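[1] Pasted the sequence and its predicted model underneath.
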Amino acid sequence: MKIKHQLSIFNALTRLLVIVILWLMLPVLVQNVVYHHINNGLLEKKKKFIDHLNKEEINDFIENADDSTETYSQFSTLHSEFLVLSKVPMKARHNKTTFSNEYRKIEGEENEYRILQHHFSFEGEDYQLEIGSSLNEIKDLTFVIRFFIIIVFVVILFITFLADTFYIEYLLKPFYKIIDTKIRRVNEPEAFDHTPIKAASRDFRELDFVLNQMMDRIAELFKKEKQFISNVSHELLTPIALLKNKLENLLQNESLDDNAVDKIAGSLKTLDMLKKIINNLLLISRIDNNQYQANEEINVKEIVCDLQEDLQDRIEDREIVFTNTINHDFVFTGNKTLIHILIYNLVTNAIKYNKPKGIILAEDGFVDDHYFISIKDSGIGMDESQTEKIFSRFARISSDQEGQGLGLAIAESIASFHHIQIKVKSIVNEGTIFTLWFEKAN
């Protein structure tokens, strides 16, 4: 998952957590606000009632009340409010006001009320005043408020998520541009783009600057390494040629016994092997330094057919069955000599590490407009550890086989030079498949 998506999801989750907390706290918050408002209204009504109260009004209340209760009650038509005045013998609670929520039944209808209770004394008599306000409408209003707020929260969450996504993408755009245009080309120092990346963030500008400096150093080291290999290889060829010439002249001496001749012949064979290693290293160095032209039209089918004919003697010596099922006349632009070496090394590997009377299958095809050619053998195969280092220089599958371990290293260099992907799949004692994947066909 990309960092911009992770940041957007994190921001959305944090906002969602805040919304859940607010949603859980909302009833308490609304209740406090609403009750505070109702309490103030009840206190104002109490004050008006007490301020305008006199003995005559109290007597009227009591006379209109039931004699057994000495209580006077009045309530609104919709039962949203009520007022109760009654005599009570509770002198200890004079001038005390309390609030509570209680259910009261008025004319057969039971509702919950917010009730103010006030005890007071008037002309030597103790009274209790109750003023109630129905909570039914408040509950309905609270539900509407909660429903409206949750809708607002969801809309805010959605809008902020989109805003975060676009803004984070805008902020990280230079970062992804650095990855696409620079970091992915770290294996090609010569093709590295040193153009500064435009970024609003100072951090990304510093990252780009440091990356440019690092790639300059890497390019210089690559250049020195390649030049060193090339120079050393050239310098070694001269003394090898001189030694070989002297040994060949020495063989012409008739006074040498058979033992001396065998030692000299062995030395010449060693020099030939050393010369071959140096030439292979030179080939790799020249390929890596792009010293070859890639402007020839190459037909893969023709190269495989030519190689089958050239290697027919070696194939027959080991009684191997070579099956060529390449049907497509795929043509691309490159260096024909190098491609010939590439496929030659793969085929000779299939011969060298095959079993007697084994098979070699060459086939091709297209997958998603990508052309591929594969060389399959029924040889000794490789385990995973061998497969991982198969393209390393001087790596050899088996010490019993001749070779310097440079064939597949050369093949990989040639494939990289032509922007060809080389894949290997192998199973021990079952065989190996080398597949060349070419660039997408036009």
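    Okay, I see it.

[2] where exactly do the helices run in the chain?
    3-51, 55-64, 136-181, 202-251, 258-288, 300-310, 312-317, 336-352, 384-388, 407-417 (DSSP state H).

[3] By mean pLDDT, show me the worst of those.
    Mean pLDDT per stretch puts helix 55-64 lowest among these, at a mean of 63.

[4] what number of residues lie near the residue nearest to residue 234 when sequence neighbours are not counted?
    Leaving aside its chain neighbours, residue 234 sits nearest to residue 282 (7.4 Å; criterion: Cβ to Cβ, 6 or more residues apart in numbering). (C-beta placed from N, C-alpha, C; glycine too.) Look at residue 282: counted by other Cβ atoms under 10 Å, it has 18 neighbours.

[5] cool, and the one 3 residues further on?
    Applying the criterion other Cβ under 10 Å, we find 21 residues in the vicinity of residue 285.

[6] Surely it and residue 229 touch.
    Yes: in terms of Cβ atoms under 8 Å, residue 285 counts as a neighbour of residue 229; the distance is 4.6 Å.

[7] I'd like to check which residues are in contact with the nearest residue to residue 129 once chain neighbours are set aside.
    If the residues on either side of it in the chain are set aside, residue 129 comes closest to residue 118, at 4.5 Å by Cβ to Cβ, 6+ apart. When contacts are counted by Cβ atoms under 8 Å, 6 or more residues apart in numbering, residue 118 touches 46, 50, 95-97, 128-131.

[8] Of those, just say which sits nearest to residue 271.
    residue 97 (116.2 Å; Cβ to Cβ).

[9] Could you find the closest non-adjacent residue to the closest one?
    Of all residues not flanking residue 97 in the chain, residue 118 sits nearest, at 4.7 Å (Cβ to Cβ, 6+ apart).

[10] how close does that neighbour get to residue 135?
    Remark: distance between residue 118 and residue 135 (Cβ to Cβ, to the nearest Å) = 19 Å.

[11] same question, residue 431
    84 Å.

[12] Compare neighbour counts for these two and give me the winner.
    residue 431 (23 against 20).

[13] The more buried one bridge partners, please.
    Residue 431 has these beta-bridge partners by DSSP bridges: residue 427.

[14] close enough to count as contact, it and residue 374?
    No: look at residue 431 against residue 374 with Cβ under 8 Å: they stay out of range, at 11.6 Å.

[15] tell me, how many neighbours does the nearest residue to residue 406 once chain neighbours are set aside end up with?
    Closest residue to residue 406 apart from its sequence neighbours, by Cβ to Cβ, 6+ apart: residue 280 at 4.4 Å. Residues near residue 280, counting by other Cβ under 10 Å, number 19.

[16] now do residue 51
    7.

[17] and if you look at residue 16?
    Using other Cβ under 10 Å: residue 16 sits among 14 other residues.

[18] Please apply the same query to residue 229.
    Using other Cβ under 10 Å, residue 229 has 18 neighbouring residues.

[19] just residue 134 next, same as before
    Applying other Cβ under 10 Å, I find that residue 134 has 21 neighbouring residues.

[20] still on that earlier bit, state the distance from the residue nearest to residue 406 to residue 236.
    Where residue 236 is concerned, residue 280 sits at a distance of 12 Å (Cβ to Cβ).

[21] what sits against residue 420?
    Residue 420 neighbours (Cβ under 8 Å, 6+ apart): 414, 436-439.

[22] By pLDDT, give me the weakest of the contacts of residue 118.
    Here the lowest pLDDT out of these sits on residue 95, with 69.

[23] so what are the domain limits for this protein?
    Domain segmentation of the chain under automatic domain parsing yields 3-140, 202-288, 296-440.

[24] list the contacts for the residue nearest to residue 175 when sequence neighbours are not counted?
    What sits nearest to residue 175 in space, not counting adjacent residues and going by Cβ to Cβ, 6+ apart, is residue 204, at 5.8 Å. Under the criterion of Cβ under 8 Å, 6+ apart, the contact list for residue 204 reads 174-175, 178, 197.

[25] Count the residues that sit near residue 329.
    Neighbours of residue 329 using other Cβ under 10 Å come to 9.

[26] ok, now how distant is it from residue 298?
    From residue 329 to residue 298 the distance is 11 Å (Cβ to Cβ).

[27] Check residue 273 too.
    Distance, residue 273 to residue 298, using Cβ to Cβ: 31 Å.

[28] quick one, which of the two is more surrounded?
    residue 298 (19 against 13).

[29] give the contact list for the more buried one.
    331-334, 336, 339.

[30] ok, so of the residues you listed, who is nearest residue 406?
    For these, the nearest to residue 406 is residue 339 (17.5 Å; Cβ to Cβ).
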